[in-house]
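Undergrad: pasting the sequence and the predicted model now:
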Amino acid sequence: MSKNTSSEYVKLISSDKFEFIIKRDIALFSGTIKNMLSSPGQFMESEQNTIHFRDIKAVILEKVCQYLYYKDRYNNSTSEIPQFNIDPTIALELLMAADFLDC
Amino acid sequence: MNNGRKPTQQKGKIKPPKKSNAADSQFSDNWDRLAQAIREIHRKNASILSFEELYRNAYNMVLHKNGDKLYNGVREVITQHLEEVAKDQVVPAFPVSGASSSQANSANGAGGANFLKVLKSVWEDHTTCMLMIRDILMYMDRVYAKSANVPLVYELGLELFRDTIVRSTIYPIQNHLLDVLLNQILLERENEIIDRSNIKASMDMLLELTDTSAKDSVYATDFEGRFLETSAEYYRVEGQMLVGECDAPEYMKKVEKRLNEEEQRVRHYLSQTTEPKIRSIVEEELISKHLKTVIEMENSGLIPMLRNEKMDDLGRMYKLFGRVIKGHEEMKTAISNYIRELGKDINETVSNSATTATAGESHTTGDRQTGTSVAIRWVQDVLDLKDKFDKVQNLALSNDKAFQTAFNEAFEFFINKNLKSPEFISLFIDDNLKKGLKGKTEEEVDNVLDKTITLFRFIGEKDVFERYYKQHLAKRLLLGRSVSDDAERGMIGKLKIECGYQFTTKLEGMFNDMRISTDTMTDFKDYLEKSALERPKLDLSVTVLTSTFWPMNLSASPRCNFPAEITKACDTFQRFYLARHSGRRLTWQSNMGSADIRATFNARKHDINVSTYQMVILLMFNDLPPSQSLSYETIKGESDIPEADLKRNLQSLACAKYKILVKEPKGKEIEPGDKFYFNSDFTCQLQRIKIQTVASKVETEGERKDTREKVEEARKHQTEAAIVRIMKDRKTMDHNLLIAEVTKQLQPRFVPNPAMIKKRIEALIEREYLERAPGDRRVYNYLA
């Protein structure tokens, strides 16, 4: 079952089984995700276009996805960039996830 | 996402991240899983793995400060794997060395190609795996490797590959690899087909692997050196073999082929950096070492190529030899020597024919003719030689300036070796202006004259040439021999451009004299018409020459007793002329004139054109009865003509083709006791006959010495004039500087001898134009 690897959407699954479906090229803003999906070897992920994050909670993952869209929207933009709001309660965990995901 | 803005204290606690157990057991678990995964990757089973899990494992390990353990562990696993690969795949593929050498080569050829193929597949597998491993260990690269100063994972992989396979200490892989590569190249040089893609893959592999100590690729450190060595050896042998077997053009073609081959080889599968190195090796071995041999090859070297005008081969040689430093030097020297040789030959043919001619000195008219033809042939030969080398220069040497200079020097050398060259060149021009240019278009005329001017430039002693040219020009003008006035003027124009105004003033003066004389004659005729008193019985035509312009010995006028009518006519003219121009003195030159006589023979009348002397002699027979003769002494006494001229003219009248006089006793020579009768029985087809007057000739030895002396005299005066001019300007000058200045000023005319200059300085000191400075003996002062 050779899936078409350049399908438009990818699925990100958090540790608590939430599924986030985002566009592929937006997901690629994260270095880690990019490697996973475009590695020369045929890892599971690239075949199924799905990534399980067993260490990242849904709240965090949701924020990450928001950030990725935010980046995509305002990258190289000249208009005024609004602030990206982060809830301080999740800040530390978000920091670690960010480090993990290289974004 | 690390936008770096820590939220200021807001309400709501910051939840610390979940702490994971940093237990060692977890580490070893993680590690096992990772190690296993790497092995699976090596077995090409990556699809069963989860990237995320491995990535997370690595991430955790680094997070818990086990980065170093992770790193070393990875290193071990990969090393292990590579060693296995080496043993299982690479070693069995070693090319087997066969028993006999020819078999070995082909066996090595095939076996070698196989080995390379195996190596290539091993390398490709490795690189792919390393990429994947790098991806999952990206976190470690990012965080750990940088801080711990170890090479990144991918680089680590390359190093391990280099150390365990290429430079393996256990198996002789490197030797085999290098041997196979060099062998393949050798086969290709011997015109066998090999698989270039394999070799390219190996080269690329070597280029990617770096040697840490040399900071250069393994290609450069391990392979390139040996490649250059073996190539040098190969081409050294090849060079010697080819030089022995082939002749020069073939040799050069082969060298060209080899150079192209090597260039192609580098482009196809070696690194660009090797290109200049291998090129210089081939050039060194095949060209530099055999420069002289190729040039001097019998029957096919440089000289035969020039002789047979093989322009292609010469052009190829020029290009090939241009690549090495000394190449062009050698060519230049060889060609220059060849030109000098040829020039010497030309000079020798001249002196040979001169000696055979001087053997028969008595037949003066005879050998003078051959003398002229020798001169003309000499000039023509030199012009041909110049043409030939100009062609070579144009077609083969692409007009290289350095070669042009060498040619010019060689030409100058042998032209000036021949002491008669100024005279010869002047004779050549003389001949052309008298008859040679008839029927040529203006362009061709210009062409011939231009070529002669190029020869003129090579002469060192231009003032000798000037003297001869004046003499010849004078004869041409006076005897009306010049074919075309325009051509004459053209020639003078060119000489003016070459040497400046001074050179040509006198020549132009001569032209002017001729023109003025025709005008004077018209006026004289009018005067005679009008005056009607003393109409002379003969038609007189006078050319008045300004003595300073013309080169003859004009003060010593040759004696001659004119008959009465002639003297009367001359006096009439003299009176007429002096009436117009007072303060001038006219001297009659009887050795230069000519006369038309109507002679009545028994058969019929003839018009004879003779020289003035001959006219005088013939008129003496007018009053004699036909049977009576005149003796030599009588003729001499009455006419008062100088002896040598008398003899010559009598010869032309009595012993040449048209015998107007009959000589007794018969014979070619004029002796004092001879008697001459008027030959009334003379017959001839033509109504008008011309008795040959002697035309311009090559000088006899005596005449040449005369000319030389005059030239020397003139030079002395010019040197003194130059010295005085310079000293007047500078007031005081050092001896060496003075000599240098004088030489520079006189250079366009002739090259002065420093000893001669010194003598002139001393003469001037004696005549008190200069003095030696009281303090320093080497310095001179000008005395006003």
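TA: Yes, it's here.
Undergrad: drop to CA atoms for contacts and neighbour counts, all remaining ones
TA: Fine.
Undergrad: longest helix in chain A, please.
TA: helix A:58-74 (DSSP state H).
Undergrad: what helices or strands is that one leaning on?
TA: strand A:19-23, helix A:24-27, helix A:91-101 (3 or more CA pairs under 8 Å, 6 or more residues apart in numbering or on different chains; DSSP states H and E).
Undergrad: in a markdown table, list those along with mean neighbour count, distance to residue B:120 and mean pLDDT.
TA: Below are the helices and strands packed on helix A:58-74 laid out as a markdown table (neighbours: other CA atoms under 10 Å in any protein chain shown; distance: least, CA to CA, whole Å; pLDDT from 0 to 100):
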| stretch | mean neighbour count | distance to residue B:120 | mean pLDDT |
| --- | --- | --- | --- |
| strand A:19-23 | 16 | 39 | 89 |
| helix A:24-27 | 19 | 35 | 86 |
| helix A:91-101 | 19 | 35 | 86 |
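Undergrad: so after the lengthiest helix in chain B, what's the next helix or strand?
TA: Taking DSSP H as the criterion, chain B has its longest helix at helix B:101-136. Sequence-wise, the next helix or strand downstream of helix B:101-136 (DSSP states H and E) is helix B:138-139.
Undergrad: the helix or strand following that next one near chain A at all?
TA: Per DSSP H and E, the first helix or strand lying C-terminal to helix B:138-139 is helix B:146-148. No - using CA under 8 Å from any CA of the partner chain, helix B:146-148 never reaches chain A; the gap is at least 15.6 Å.
Undergrad: show the pLDDT at the residue of the stretch 651-784 of chain B found nearest chain A.
TA: Using CA to the nearest CA, the closest approach of the stretch 651-784 of chain B to chain A is made by residue B:744 at 77.3 Å. Here, the pLDDT recorded for residue B:744 equals 88.
Undergrad: and residue B:366, by the same measure?
TA: Reported pLDDT for residue B:366: 41.
Undergrad: again, but for residue B:13
TA: Listed pLDDT for residue B:13 reads 65.
Undergrad: what do you get for residue B:523?
TA: 85.
Undergrad: that one is in what secondary structure piece?
TA: Judged by DSSP H and E, residue B:523 forms part of helix B:501-531.
Undergrad: what is the end-to-end distance of stretch B:393-404?
TA: 7 Å (CA to CA, to the nearest Å).
Undergrad: how about that stretch: buried residues?
TA: Judged by neighbour count (16 or more other CA atoms under 10 Å in any protein chain shown), stretch B:393-404 contains these buried residues: B:393, B:396-397, B:403-404.
Undergrad: let me see the mean pLDDT of that stretch.
TA: On average, stretch B:393-404 scores 81.
Undergrad: check stretch B:475-489 too.
TA: 76.
Undergrad: any weak-confidence spans in chain A?
TA: A:1-7, A:39-46 (pLDDT under 70).
Undergrad: revised request: answer the last question for the stretch 551-700 of chain B.
TA: Short version for the stretch 551-700 of chain B, where the test is pLDDT under 70: B:552-559, B:626, B:692-700.
Undergrad: can you give me the strands in it?
TA: Taking DSSP state E, counting those that start in this stretch to define them, one finds strands in the stretch 551-700 of chain B at B:594-600, B:605-611, B:629-631, B:661-664, B:675-678, B:688-690.
Undergrad: distance between stretch B:459-468 and the chain's centre?
TA: How far stretch B:459-468 lies from its chain's middle: 25 Å, per CA atoms, centre = their mean, to the nearest Å.
Undergrad: state the number of residues packed around residue B:67.
TA: 21 (other CA atoms under 10 Å in any protein chain shown).
Undergrad: returning to that earlier point: what's in contact with the longest helix of chain A?
TA: A:14-18, A:20, A:22, A:26-27, A:29-30, A:81, A:84, A:90, A:93-94, A:97-98, B:1 (CA atoms under 8 Å, 6 or more residues apart in numbering or on different chains).
Undergrad: right, and residue B:640 touches residue B:563 too?
TA: No - look at residue B:640 against residue B:563 with CA atoms under 8 Å: they stay out of range, at 11.6 Å.
Undergrad: let's check: the centremost residue of chain A is which one?
TA: residue A:27 (4.7 Å; CA atoms, centre = their mean).
Undergrad: how far away is it from residue A:17?
TA: 18 Å.
Undergrad: now do the contacts for residue B:223.
TA: residue B:178.
Undergrad: 6 Å instead?
TA: Residue B:223 makes no contacts at all, as judged by CA atoms under 6 Å, 6 or more residues apart in numbering or on different chains.
Undergrad: in a strand, it, correct?
TA: No - read with DSSP: H, G, I helix; E, B strand; the rest coil, residue B:223 is helix and lies in no strand.
Undergrad: pLDDT at it, what is it?
TA: Value for residue B:223, per-residue pLDDT: 83.
Undergrad: ends of stretch A:82-93, what's the gap?
TA: First-to-last residue span, stretch A:82-93, CA to CA: 23 Å.
Undergrad: ok, stretch B:149-166 next?
TA: End-to-end distance (CA to CA), stretch B:149-166: 25 Å.
Undergrad: got the buried residues for it?
TA: B:152-162, B:164-166.
Undergrad: burial count for the residue nearest to residue B:758 when sequence neighbours are not counted?
TA: Nearest residue to residue B:758 in three dimensions, chain neighbours excluded: residue B:739, at 8.0 Å (CA to CA, 6 or more residues apart in numbering or on different chains). Close neighbours of residue B:739, defined as other CA under 10 Å, add up to 19.
Undergrad: which element, helix or strand, includes residue B:739?
TA: Using DSSP H and E, residue B:739 falls in helix B:735-746.
Undergrad: ok and the host helix or strand of residue B:55 relative to helix A:91-101, angle-wise?
TA: Counting by DSSP H and E, the element that carries residue B:55 is helix B:51-63. Interaxial angle of helix B:51-63 relative to helix A:91-101 (axes from the mean of the first three to the mean of the last three CA atoms, to 10 degrees): 110 degrees.
Undergrad: what lies in contact with helix B:51-63?
TA: Looking at what lies outside helix B:51-63 - CA under 6 Å, 6+ apart - the contacts are B:30, B:136, B:139.
Undergrad: one more: stretch B:159-173?
TA: Contacts of stretch B:159-173 (CA under 6 Å, 6+ apart): residue B:174.
Undergrad: run the chain-centre distance for that stretch.
TA: On CA atoms, centre = their mean, the centre of stretch B:159-173 falls 59 Å from that of its chain.
Undergrad: quick check: mean pLDDT across it?
TA: 79.
Undergrad: before we move on, what about stretch B:704-724?
TA: 84.
Undergrad: what does stretch B:529-545 give?
TA: pLDDT averaged over stretch B:529-545 gives 73.
Undergrad: equivalent analysis for stretch B:119-132, please.
TA: pLDDT averaged over stretch B:119-132 gives 84.
Undergrad: could you pull out the buried residues of it?
TA: B:119-120, B:122-123, B:126-132.
Undergrad: with stretch B:416-434 instead?
TA: Buried, per 16+ other CA under 10 Å, within stretch B:416-434: B:418, B:420-434.
Undergrad: and the two most separated of the residues you listed?
TA: B:418 and B:434 (24.7 Å; CA to CA).
Undergrad: hang on, the earlier thing: in the longest helix of chain A, what's buried?
TA: A:58, A:60-65, A:67-71.
Undergrad: using TSV, lay out these together with distance to residue B:479.
TA: Listed next are the buried residues of helix A:58-74 as TSV, based on distance: CA to CA, whole Å:
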residue	distance to residue B:479
A:58	126
A:60	123
A:61	121
A:62	122
A:63	121
A:64	118
A:65	117
A:67	115
A:68	112
A:69	112
A:70	112
A:71	109
